[in-house]
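Colleague: here is my input; please provide its structure:
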Amino acid sequence: MNVLRILSIYLIGLVFGIGIVISGMANPAKVLNFFDFFGIWDPSLIFVMGGAVTVAFVGYRLVLPRPRPLFEGRFQLPTATRLDAKLIGGSAVFGIGWGIAGFCPGGALPALGTGRVEVILFTAALLAGIFAAKGIQAWLRTRTTPTATSGA
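Modeller: Here you go, the predicted model:
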């Protein structure tokens, strides 16, 4: 792997992690307070998300006209446009987990450096969920894939 590519990945992750920490989104209480409309509501998550969407919007406009990324042969963008049960179900599970734990994967990874037990438990549950989803998908594929029959 190219040294510049590794360095750029590291720097992008570092900037993201610092942004998560500075914005307070590594603190689950701050995130949970956003969802507490009738208690100690904290609207700061809206501003963090708005800033992220703005940066992504401008970034896509600047980068996508290029023929290819700096360290890859081509852009790897999603091609699916359908809203299906898998997308909606996954989004719902993600949102419920975020609302319960106060962490999303992007906020939990920088928070791992704190060594807090709840972050470690969340990350373990996240990994377990990823492996469970992959296992369920593999099992569903075997059930829906036609098997060869031995006919004469």
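Colleague: convert whichever strand or helix holds residue 16 to PDB, retaining C-alpha atoms only.
Modeller: With elements taken from DSSP states H and E, the one containing residue 16 is helix 3-23. Extracted C-alpha coordinates of helix 3-23, given in PDB (Å, rounded to 0.1, in the frame of the first residue of the first chain):
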ATOM      1  CA  VAL A   3       2.700   5.500   2.000                       C
ATOM      2  CA  LEU A   4       0.900   8.600   0.900                       C
ATOM      3  CA  ARG A   5      -2.400   6.600   0.900                       C
ATOM      4  CA  ILE A   6      -1.800   5.300   4.400                       C
ATOM      5  CA  LEU A   7      -0.900   8.800   5.600                       C
ATOM      6  CA  SER A   8      -4.000  10.300   4.000                       C
ATOM      7  CA  ILE A   9      -6.200   7.600   5.600                       C
ATOM      8  CA  TYR A  10      -4.600   8.300   9.000                       C
ATOM      9  CA  LEU A  11      -5.000  12.100   8.700                       C
ATOM     10  CA  ILE A  12      -8.600  11.900   7.600                       C
ATOM     11  CA  GLY A  13      -9.300   9.600  10.500                       C
ATOM     12  CA  LEU A  14      -7.500  11.900  12.900                       C
ATOM     13  CA  VAL A  15      -9.400  15.000  11.700                       C
ATOM     14  CA  PHE A  16     -12.700  13.100  12.000                       C
ATOM     15  CA  GLY A  17     -11.800  11.800  15.500                       C
ATOM     16  CA  ILE A  18     -10.700  15.200  16.700                       C
ATOM     17  CA  GLY A  19     -13.900  16.700  15.300                       C
ATOM     18  CA  ILE A  20     -16.000  14.100  17.100                       C
ATOM     19  CA  VAL A  21     -14.300  14.800  20.400                       C
ATOM     20  CA  ILE A  22     -14.300  18.600  20.100                       C
ATOM     21  CA  SER A  23     -18.000  18.600  19.200                       C
END
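Colleague: model confidence over that helix, on average?
Modeller: Averaging pLDDT along helix 3-23 gives 89.
Colleague: go on, stretch 117-124?
Modeller: Rounded mean pLDDT across stretch 117-124 is 91.
Colleague: as CSV, could you dump the C-alpha coordinates of that stretch?
Modeller: The C-alpha trace of stretch 117-124 is given here as CSV (Å, rounded to 0.1, in the frame of the first residue of the first chain):
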residue,chain,number,x,y,z
VAL,A,117,-16.3,0.3,29.8
GLU,A,118,-19.6,1.5,28.1
VAL,A,119,-17.6,2.4,24.9
ILE,A,120,-15.9,-1.0,24.9
LEU,A,121,-19.2,-2.8,25.4
PHE,A,122,-20.9,-0.8,22.7
THR,A,123,-18.0,-1.6,20.3
ALA,A,124,-18.2,-5.3,21.2
